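*Asks:* Here is my input, please return the structure:
(one chain, ligands or ions: 1)
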Amino acid sequence: MPTASHKRILITGGAGFIGSAITRRLLQSMDCQILNLDKLTYAANISTLNQFRDNPLYQFIQADICDDKACRQAIEAFEPEAIIHAAAETHVDRSIAGAADFVQTNILGTFNLLEATREYWRRLKPLHRTSFRFLHVSTDEVYGSLGPTGAFTESTRFDPRSPYSASKASSDHLVMAWHHTHGLPVLLTHCSNNYGPFQFPEKLVPRMILCAVAEQPLPLYGDGSNVRDWLHVDDHAEAVLLVLRDGLIGQTYNIGDCNERTNLQVVRFICQALDQLRPRPAGDHTELITFVQDRPGHDLRYAIDASKIREELGWQASTDFESGLRETVEWYLKNPSWAVDTGRC
Ligand SMILES: NC(=O)c1ccc[n+]([C@@H]2O[C@H](COP(=O)([O-])OP(=O)(O)OC[C@H]3O[C@@H](n4cnc5c(N)ncnc54)[C@H](O)[C@@H]3O)[C@@H](O)[C@H]2O)c1
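*Replies:* The predicted structure is shown next:
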């Protein structure tokens, strides 16, 4: 577990899946002041961080990263020593149905936040200017799609295929440009697919669990053979905090743990866990699997080469994929009201 490098951290998107995991990690194990700046879109659930509502180290502000004045005011008032930028529109299917929010938040919102940060950072005293960091939480999807072999390294050329990944790649370029042009001390992380508690139920893992519990079909794109590389969200959170503390300015770090599985394998595993934890009188949960028309431009395979963060920063994941996924299934079974709060299922 990395110790906190910065004592006042502004996090964007802290009411989302990954932002809340990072916030939880910081508040549970490190003595930091946190300001969570989140618009509270459909994907957010503020109850995720209920346990910290009365914690004097935690503040929340509902604001849009596209709102120039709100961002500047929040940054000036809070005086962060670091900013972790995790706010984004994140669901590929939604980006296919309509990309406007993705362009707005992921590209223009990131631009706006960078400008507000730059303005604040350039007025800091030299010591604080040197230690300040802006960390952008990004995705492996910017690298595009792999064939049956190989893995993304930090030098893999960006080749985004969906409006979502194109908007994230654009924001990565902006972050790097603010470093090269303006000297802003940035860090970038590209992580593989996350799973774990508190994920909005439109994403594969929670969706399949909640549909199965509701005796609804489990819709799988194509023949379910698309491969994703899975990482528990708490391992991601820990990696982000390690990069914040020890990462080299201007560098990118891939995060992943070699857990490649086809979507069908993941869904079958969830079904088997449910067969044990909540048996279905009508038969095995796999009977609910239904193959549906493939997603347009569906990337075939993602795989992360995370040697850099392992070798240079000493990071390693601590959650075994199968036990982590089983615990995630148990968490959704024990917390049905959280999913209801999201307005889904
Ligand atoms: N989920 C994954 O598997 C995964 C993997 C790698 C990287 N990432 C990246 O991690 C980051 C967080 O992803 P997530 O899965 O937690 O997303 P999420 O959809 O669960 O949460 C996104 C959060 O951002 C907030 N937000 C959206 N637009 C905003 C705006 N304009 N202003 C302020 N707040 C806004 C939402 O309210 C929400 O709380 C994203 O940048 C994503 O690209 C995600």
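*Asks:* Write out the residues of the stretch 101-250 of the chain neighbouring the ligand.
*Replies:* 105, 109, 137-139, 168, 191, 193-194, 200 (C-beta under 6 Å from any ligand atom). C-beta coordinates here come from the backbone N, C-alpha and C atoms, glycine included.
*Asks:* and the two most separated of the residues you listed?
*Replies:* 109 and 193 (22.7 Å; C-beta to C-beta).
*Asks:* taking the residues of the stretch 101-250 of the chain next to the ligand one by one, which sit in helices?
*Replies:* residue 168 (DSSP state H).
*Asks:* Residue 58 versus whichever residue of the chain sits closest to the ligand, what's the distance?
*Replies:* At 2.0 Å from the ligand, residue 16 is the closest residue in the chain, using C-beta to the nearest ligand atom. Residue 16 sits 16 Å away from residue 58, going by C-beta to C-beta, to the nearest Å.
*Asks:* How about residue 294?
*Replies:* 42 Å.
*Asks:* what about those two, which has more around it?
*Replies:* residue 58 (19 against 13; other C-beta atoms under 10 Å).
*Asks:* Quick check: the closest residue to that one other than its chain neighbours vs residue 234, distance?
*Replies:* Nearest residue to residue 58 in three dimensions, chain neighbours excluded: residue 52, at 4.3 Å (C-beta to C-beta, 6 or more residues apart in numbering). Noted for residue 52: a distance of 16 Å to residue 234, by C-beta to C-beta.
*Asks:* quick one: the residue of the chain closest to the ligand and residue 87 touch, right?
*Replies:* Yes. Using C-beta atoms under 8 Å, residue 16 is in contact with residue 87, at 7.2 Å.
*Asks:* where do the contact lists of those two overlap?
*Replies:* The contact sets of residue 16 and residue 87 overlap at residue 38 (C-beta atoms under 8 Å, 6 or more residues apart in numbering).
*Asks:* shaky segments in the stretch 201-345 of the chain?
*Replies:* 340-345 (pLDDT under 70).
*Asks:* One more pass at 90, please.
*Replies:* 282, 297, 299, 336-345 (pLDDT under 90).
*Asks:* Show me where it has its helices.
*Replies:* 204-213, 233-246, 263-277, 307-313, 321-334, 336-341 (DSSP state H, counting those that start in this stretch).
*Asks:* how about stretch 274-281: buried residues?
*Replies:* Buried positions in stretch 274-281, judged by neighbour count with 16 or more other C-beta atoms under 10 Å: residue 274.
*Asks:* Right, I'll leave it there.
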